[in-house]
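*Asks:* Give the three-dimensional model of this entry:
(chains A and B)
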Amino acid sequence: QQQVKQSPQSLIVQKGGISIINCAYENTAFDYFPWYQQFPGKGPALLIAIRPDVSEKKEGRFTISFNKSAKQFSLHIMDSQPGDSATYFCAASFSNTGNQFYFGTGTSLTVIP
Amino acid sequence: ETGVTQSPTHLIKTRGQQVTLRCSSQSGHNTVSWYQQALGQGPQFIFQYYREEENGRGNFPPRFSGLQFPNYSSELNVNALELDDSALYLCASSLVGGPGELFFGEGSRLTVL
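*Replies:* The predicted structure follows:
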């Protein structure tokens, strides 16, 4: 059973546009929701993360929106740049199990100049 | 501060063989996790080690085993390799009690023929 479902699978955005990636989770006991960015040939790197006690977190051009009742969260990339072209993964974890993360299937983002 | 390093970066094995992958954790981190990332998929949790003992395991058979050493470096061993074991194997280090971020290495790409 896929604990975290991610969409879309791929996304093409014009430079300066807004990129939106969505995730839905099953288990309400999850209490940490990070987004990871992965470039080809590299390991994933933490981009931004949120805990369920807040509905939104913003860091620069990146914003997480969190809807606890709908069990959904999304990543918004404002003013998308060609350098943002990468694969993005949402994830979820339980704090009391250490750092076992459940990842979504990934979204390949291409930002066209 | 050194990051997470993994070796080898690429390797090719035949079905039925055994493989050992190695990981050096980020300085100061006491927990290491291993993930399998199949092509076009998100990372899947294999297991986690803390204080040299397995501290959580995903849905992987016993032929996947690991070790963590006193210097927090780690090994992933896979016996009786199958074709479906072909994937990128990611090591991630973290700090128990920390904010929850995983620091990934660049991975070891295993191809089973």
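*Asks:* could you pull out the strands for chain A?
*Replies:* For chain A, the strands defined by DSSP state E occupy A:4-7, A:10-14, A:19-25, A:33-38, A:45-50, A:56-59, A:62-67, A:72-77, A:86-93, A:101-103, A:107-112.
*Asks:* With chain B instead?
*Replies:* Taking DSSP E to define them, one finds strands in chain B at B:5-7, B:10-13, B:19-24, B:31-37, B:44-50, B:53-57, B:64-68, B:74-78, B:87-94, B:103-104, B:108-112.
*Asks:* In a markdown table: those, plus mean neighbour count and mean pLDDT.
*Replies:* Backbone N, C-alpha and C define where each C-beta goes, glycine included. Supplementary listing: these in a markdown table, determined by neighbours: other Cβ atoms under 10 Å in any protein chain shown; pLDDT from 0 to 100:
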| stretch | mean neighbour count | mean pLDDT |
| --- | --- | --- |
| strand B:5-7 | 16 | 96 |
| strand B:10-13 | 13 | 97 |
| strand B:19-24 | 19 | 97 |
| strand B:31-37 | 26 | 94 |
| strand B:44-50 | 22 | 93 |
| strand B:53-57 | 14 | 90 |
| strand B:64-68 | 19 | 96 |
| strand B:74-78 | 21 | 97 |
| strand B:87-94 | 25 | 94 |
| strand B:103-104 | 22 | 92 |
| strand B:108-112 | 18 | 98 |
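*Asks:* So for residue A:84, which of those strands sits nearest?
*Replies:* Within the strands of chain B, the stretch nearest residue A:84 is strand B:103-104; the backing value is 18.8 Å (Cβ to Cβ).
*Asks:* So which elements touch the closest one?
*Replies:* For strand B:103-104, the helices and strands in contact under the criterion 3 or more Cβ pairs under 8 Å, 6 or more residues apart in numbering or on different chains; DSSP states H and E are strand B:87-94.
*Asks:* Show me what the strand it packs on is packed against.
*Replies:* Taking 3+ Cβ pairs under 8 Å, 6+ apart as contact, the helices and strands that strand B:87-94 lies on are strand B:5-7, strand B:19-24, strand B:31-37, strand B:74-78, strand B:103-104, strand B:108-112.
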